[in-house]
Every structure is written in C-alpha cells, then in structure tokens.
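Engineer: just the structure for this:
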Amino acid sequence: MAIGLTVRQRHRLKLWLFEGLREAEGPHVHESAAVHQSAWWKVMCLTGVDYFSTLGYQPGIAFLAAGVLSPLATLVLVLLTLCGALPMYRRVAALSPHGQGSIAILEELLPRWRGKALVLCLLGFAATGFIVTITLSAADATAHVIENPLVPKWMHHPVLMTLLLLAALGAVFLKGFREAVWLAVPIVAVYLALNAVVLGWGVHYLWQRPELLSQWGSAAATARGNPVMMVVFVLLLFPKLALGLSGFETGVAVMPLVQGDPGDDPAHPRGRIHNTHKLLTTAALIMSVALVVSSFITTILIPAELFQPGGPAYGRALAYLAHEHLGNGFGTLYDISTVTILWFAGASAMVGLLNLVPRYLPRYGMAPEWARANRPLVLIYTAIACAVTIYFEAGVNVQGGAYATGVLVLMGSAALAVTLARWREGRSWTGYLVLTLIFIYTTAVNIIERPEGLKIAATFIIGIIVTSLVSRVMRSTELRVQGIEADDTAKAFLQEAAGAPLRIIANRPDTGLPSEYEYKLREARESHHLGPSERVLFIEVRPGDVSKFSDTLRVQGVDIGGHHVLRCVSPAIPNAIAAVLLYARDATGKIPHAYFGWTEGNPIVYLLKFLAFGEGDTAPVTREVLRQAEPDPLKRPRIHVG
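Structural biologist: Coordinates of the predicted model:
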C-alpha cells in the first residue's frame, strides 16, 4: 500500500489521471475522440475570458500612455486589430486547423533541426505568455478583491489568495474541458452585459452633454501642437497598448474545441475553420467597439489625476464609473464580475498550453508519452504558475512586461508565418510583411523598456531545451516506430524465407551492386558458421531526418542479383532494424536471427553518434531496443555479432 491507497484505488487513480491519453498520429491528432467540442460562440466565451477581461485595465493603460489623446491611440489599436491582426489570424486558422498556430506553419517551412529549434524557442515564448496570463490574471483578481472595502483584513494576503485562485482554476481543468466551457459562457455573458450597461450609460451621458466632446476635441487638437505631430505621437504609442491584442493567439489555440461540420475532413476541417473565423471576427468586433467607447467615456469623464497609481480609477476605470454614476450596488456587482472573469482569464491560456505542448514535445521524443494526457499537464502547469506567483509575490505590474513579450513574439511569428506562406503560394504578401515589421518593432520596444519579459522567456526556453534533450536521450531506446508499411515484394521475401529459420543480415548500404552482397554473405557465413544452403535476407536502413523521433516505417523489397534485400529509411537505424525484426516475427511466426559485425572504435563516440545522428554501434543498441519492446526473451528476435 502506498500513501494509504489500496492497489485498486491506485489503479483507478492512474486510469483517471491518464484518461484520454492520445496516441501519436503524426502532426495532426484527431481531437474529437479525446476533447469535448462545443459551438463556436461557446468557445468564444472561453477565449473571451482573456480577451474581454482586458476591458478592466486597458482604458487606464491607454490614458496613462497617451493622456487626452487616449481615444485616438485606441483607434490606432482597433484599426490594426481589424485590418491587420484579424485577417492574419483568420489565415493562421486556415493553415493550422488543429490549433498549433503559427508554430506549426513555421515548422513546415524550416526543415530538420532548424525547424525544431525554432519550435522550442517559440514554445518558450508561448509558455511565457500563457503561464503569465494565468498568474497575472489571478493576481489582478486578487488585487480587486483586496481593494474592496468590504473585504475583511484577514484576507489581505495577496500571495495566498492568488495561490487559492490558481488551485481553483486547476481543479476546473482536472474536472474536464466541458466544465471549463460551461463556466466561461455565463462569466463572459454577465461581464459583457454589465459593460454594455456602463458603456451605454456613458454614451447617453455624453450625448446629452455635447459640450464635453467639444472640450475634449479642443484639448486633443492642441495637445501636440499640430495634427502631424499628434498622429506621429499616437502611432509611436502603439507598443504600450499592444496588450489589447492578447486574445488572438488563444483564439487559434482553442480551435480543437470548436465544433465543425459532420462531414469535415479530419486533415482539413472546413467547418471548424469557418466557425473559428466567426469566433475571431465576432470577438474582434465586440472588443473593438468596447475599447473605443470605453476610451472615450473614461478619458472625458474621469479627471486625469484619478488615473495615476494609487488613484481610485487606476487599473479600474470602468469600475470607477460604475461606482460613481450607477451606484455602489451596481458597482459592487461589476467588481464581482470583474474579479470572476480575471480569475478565469487563465482558462484560455491553460487550453492553449494543453493543446500546444503535447503536439510537439512527445512527437519529438522530448517528453514522456504520458505528456499526451491532459490531467498530468494541468498539475504541472498549475505548479509552475504557483511558483511564478511566489517568485513575483503576486505582483501585477512586474508581470506585465513578461506577458506582453510572450504575446507579441507569438503575434510576430504568426505574421511572419503568413507572410512566408503567401509568398510560397505566389499571392500578395507585402501587407503581411509590413505587419511583421510592426510587431518586430513593438516587441523590441517592449523588451527594451521592460526586459524582465525576455529574461523569463529565456528561462522557459532553457528549461524546455534542457528537459527536452534529457527526455530524448532517455527515450532513445524506445522502438520509435508508429507502424510498418511493407510493399508486396518485401512481404513475398518474408513468406519465402519463412520455410526455414529466418536469418537476416544487417548491411550498411554502399554501392548496391551484387558484389557487395556476395562479399557480405561470404563474410557472414565465415563469422557465424552459416551453412551454404541457408537462405538469408538482407536489411538496409538509410539515415533519414534525424531530428524526427518516430515515423511510419516503409519497407521496400529489392532483388539484386538474386539477393533479397529489405530497405527502409529511418531517423534511428538500430530502432528501425528492431522494428523490422519484430514485424518479420509477427508476419512469419518465426523468431528471426539477425547477424551483425562488430563496430571498431571508441564505444563512447559511437554512443554520442547514435544520440546525435541515429547511427553508431548498431548491434547492442538493437538488442536493447528489442529487450524493451518485447519483455518475453523466448519471443524476442535473436541478435548475433561476429
């Protein structure tokens, strides 16, 4: 008995923990069997808890950055949203309908280790953006709770309160995706309804007092001396407002949860893509209207000094208006809704992490297979979020730079991916190149002003690379083959050889001439005392893309001067030979005997060569792979070395 659990209880706990473990199916895993899918508007609420919650602090950020020109700066943000980010992410959704986003697009454009190195770096920035989204939102929710005068003093412990909120969020996802979507819908509906009331009141108030708009127009016109300088000033302020774009990356990341059409092709589900386009467009339109209106009414109706740190409108401009003009009862209701959506804003980030990481690291051999299950990852991500919260002492401002860095790098990579994709398609790409340059500029400015984001991202990247390489080394002796597809000739060779002991000689491909096989056969007969009447097969494995961890093995049968040869290409030669031997055993019912020659040289060098290039001292590695793949020694193919 362990930790007080019986064997049956431990078994049930294991089944629950690894429920929905997804098998490796290449880059496109069919989600429908493992993930609950919902209507696009419900999933919009899940990603909207992050996107829409920025209404709580975006008007204040805009005013602190632009002052009286805040509405114009917000208009620039909205124009970039509708004319740049929205078309870009609609294209990303079409190119990666399984939720991998721009990372998958860039992986396909850059082959071998270059693509995988880029993926690992982008995963580091993605982890930064998503993890800090979780911690920052929970910390901001805690700040709203503590600032409420009705909250008792014993609750004024920001770190402890934030940890409790993170634990509650993790508990929701341990329960399942269905529950996360179910919670998101009412949270977003109530929050948007309350904001509609506040914004509607503000518009009506200004409509009845047009002189306030005239006063603001006069102040804005004279703020920078002339219209040209005003426009330049507003454009240069964009990096400070970029958090208003934060919802697009999670909008693509949650695509596996979007319900498509019944007849969708799993490789390219048009219905899901179409519904995701509706999700992205609807969310962008709602947010654009809300941002513009909120910026106008808060800038005009709230005195400038109240926006400053310590002021009653700092970080909560709309909440201030709700309390001041709609009563404390409505204001308290608005506060409760804001705290709830900020707490749950980490939900879309959690979905993004649960979707991205299992699609890459296990496929690269850089994470254990259990990383394909959701619940262990939820526990790990929650633990990391708690550690980040403790490190930053649940501070909101200190985490803002890291959040912006992660989001902007991912948006820049999306713009670059779409630019390259359209260039390869021969379609117009200059507009997306300009968008890429804008995001590069914005990211650079953000990193220069708040370098802590890059430091956190670098920590995540180093952690991912180190753990990934260690995992790949630890998993190097797995079979690493998802399946074997043998052609008719190869199957015929195996059936012909099944009438006698099945003997297979491993040959390193060289000239491919009959003399090569005659020499190898003569050498094997002398070294292994094979009789002249013994029928043998040859197996040859050519090294493929060594950056791949596993793939489907395609075996081809070739007759060269009467010698029967089984050929294939694989990133790991010993693993491929082991897989073919097991396939031959199952196809013929005979235990294969494989014959190798000793490799001369330093065994340590050959070990490193195997880990880096998939080849080395083949015989002992092949035997170890077989030992792990087939636990019964009597059923295990025999390895002979001479």
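Engineer: only C-alpha atoms for contact and neighbour calcs from this point on.
Structural biologist: OK.
Engineer: might you list the low-confidence residue ranges for the protein?
Structural biologist: By pLDDT under 70, the weakly predicted segments of the chain are 1-5, 20-36, 111, 147-150, 176-180, 225-226, 243-244, 361-372, 396-397, 600-616.
Engineer: longest helix of it?
Structural biologist: Longest helix in the chain by number of residues (criterion: DSSP state H): helix 112-147.
Engineer: which other residues reach the helix or strand following that helix?
Structural biologist: Using DSSP states H and E, the helix or strand that follows helix 112-147 in sequence is helix 158-175. By Cα atoms under 8 Å, 6 or more residues apart in numbering, the residues outside helix 158-175 that reach it are 134-135, 138-139, 141-143, 146, 155, 179-180, 343-344, 346-347, 375, 378-379, 382, 385-386, 389-390, 393-394.
Engineer: buried sites along helix 158-175?
Structural biologist: For helix 158-175, the neighbour count (16 or more other Cα atoms under 10 Å) marks 158-163, 165-167, 169-170, 172-174 as buried.
Engineer: again with stretch 324-332
Structural biologist: Counting neighbours by 16+ other Cα under 10 Å, stretch 324-332 gives Phe330, Gly331, Thr332 as buried.
Engineer: separation between the residue sitting nearest the centre point of the chain and Gln100?
Structural biologist: By Cα atoms, centre = their mean, the chain has its centre lying nearest to Leu356, at 2.3 Å. Distance, Leu356 to Gln100, by Cα to Cα, to the nearest Å: 6 Å.
Engineer: touching both of these two, which residues are there?
Structural biologist: Ala253.
Engineer: in the stretch 301-450 of the chain, which spans are helices?
Structural biologist: Taking DSSP state H, counting those that start in this stretch as the criterion, the stretch 301-450 of the chain carries its helices at 317-326, 328-344, 346-360, 374-391, 397-425, 430-449.
Engineer: let's have these in CSV, adding distance to Ile573.
Structural biologist: Output for these, formatted as CSV (distance: least, Cα to Cα, whole Å):
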stretch, distance to Ile573
helix 317-326, 63
helix 328-344, 48
helix 346-360, 22
helix 374-391, 32
helix 397-425, 33
helix 430-449, 41
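Engineer: and those, which is most packed in?
Structural biologist: Comparing the helices of the stretch 301-450 of the chain by mean neighbour count (mean count of other Cα atoms under 10 Å), helix 346-360 comes out on top with a mean of 25.
Engineer: who does that helix touch, helix- and strand-wise?
Structural biologist: In this structure, helix 346-360 makes packing contacts with helix 40-51, helix 112-147, helix 247-253, helix 374-391, judged by 3 or more Cα pairs under 8 Å, 6 or more residues apart in numbering; DSSP states H and E.
Engineer: chain center to the shortest one, what's the gap?
Structural biologist: Distance of helix 247-253 from its chain centroid, counting by Cα atoms, centre = their mean, to the nearest Å, is 10 Å.
Engineer: again with the first one
Structural biologist: How far helix 40-51 lies from its chain's middle: 17 Å, per Cα atoms, centre = their mean.
Engineer: ok, now stretch 491-498?
Structural biologist: 45 Å.
Engineer: same check on stretch 139-146?
Structural biologist: The answer for stretch 139-146 is 28 Å, by Cα atoms, centre = their mean.
Engineer: contact partners of that stretch?
Structural biologist: Taking Cα under 8 Å, 6+ apart as the rule, stretch 139-146 contacts 151, 155-156, 158-159, 161-162, 335, 338-340, 342-343, 389, 394-396.
Engineer: 6 Å instead, please
Structural biologist: With contact meaning Cα atoms under 6 Å, 6 or more residues apart in numbering, stretch 139-146 is reached by His156, Thr162, Val339, Leu342, Trp343, Ala394.
Engineer: ok, Asp559 to Thr489 distance?
Structural biologist: Asp559 is 9 Å from Thr489, where distance means Cα to Cα.
Engineer: comparing those two, which residue is more hemmed in?
Structural biologist: Applying other Cα atoms under 10 Å to Asp559 and Thr489 shows that Thr489 carries more neighbours, namely 17 against 13.
Engineer: of all the helices and strands packed on helix 346-360, which lies closest to Val625?
Structural biologist: Among those, the nearest to Val625 by Cα to Cα is helix 112-147 (24.0 Å).
Engineer: buried residues in the closest one?
Structural biologist: Buried residues in helix 112-147, counted by 16+ other Cα under 10 Å: 115-116, 119-146.
Engineer: and Leu109, which of the helices of the stretch 301-450 of the chain is closest to it?
Structural biologist: Nearest of the helices of the stretch 301-450 of the chain (Cα to Cα): helix 397-425, 8.1 Å.
Engineer: which secondary structure elements does the closest one contact?
Structural biologist: Packed against helix 397-425, as judged by 3 or more Cα pairs under 6 Å, 6 or more residues apart in numbering; DSSP states H and E, are the following elements: helix 102-109, helix 112-147, helix 430-449, helix 452-474.
Engineer: between that helix and helix 112-147, how many degrees?
Structural biologist: Helix 397-425 and helix 112-147 are oriented at 140 degrees to each other (axes from the mean of the first three to the mean of the last three Cα atoms, to 10 degrees).
Engineer: how far away from the center of its chain is helix 397-425?
Structural biologist: Using Cα atoms, centre = their mean, the offset of helix 397-425 from its chain centre is 13 Å.
Engineer: do stretch 200-213 as well
Structural biologist: Per Cα atoms, centre = their mean, the centroid offset for stretch 200-213 relative to its chain is 44 Å.
Engineer: kindly export that stretch (C-alpha atoms) in PDB.
Structural biologist: The C-alpha trace of stretch 200-213 is given here as PDB (Å, rounded to 0.1, in the frame of the first residue of the first chain):
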ATOM      1  CA  GLY A 200     -24.400  52.600 -22.800                       C
ATOM      2  CA  TRP A 201     -24.800  55.000 -19.900                       C
ATOM      3  CA  GLY A 202     -21.500  56.800 -20.900                       C
ATOM      4  CA  VAL A 203     -22.700  57.300 -24.500                       C
ATOM      5  CA  HIS A 204     -26.100  58.600 -23.300                       C
ATOM      6  CA  TYR A 205     -24.400  60.900 -20.800                       C
ATOM      7  CA  LEU A 206     -22.100  62.400 -23.500                       C
ATOM      8  CA  TRP A 207     -25.000  62.600 -26.000                       C
ATOM      9  CA  GLN A 208     -26.800  64.800 -23.600                       C
ATOM     10  CA  ARG A 209     -23.700  67.000 -22.900                       C
ATOM     11  CA  PRO A 210     -22.100  67.600 -26.300                       C
ATOM     12  CA  GLU A 211     -20.000  70.400 -24.900                       C
ATOM     13  CA  LEU A 212     -17.900  67.800 -23.100                       C
ATOM     14  CA  LEU A 213     -17.000  66.300 -26.500                       C
END
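Engineer: alright, that wraps it up for me.
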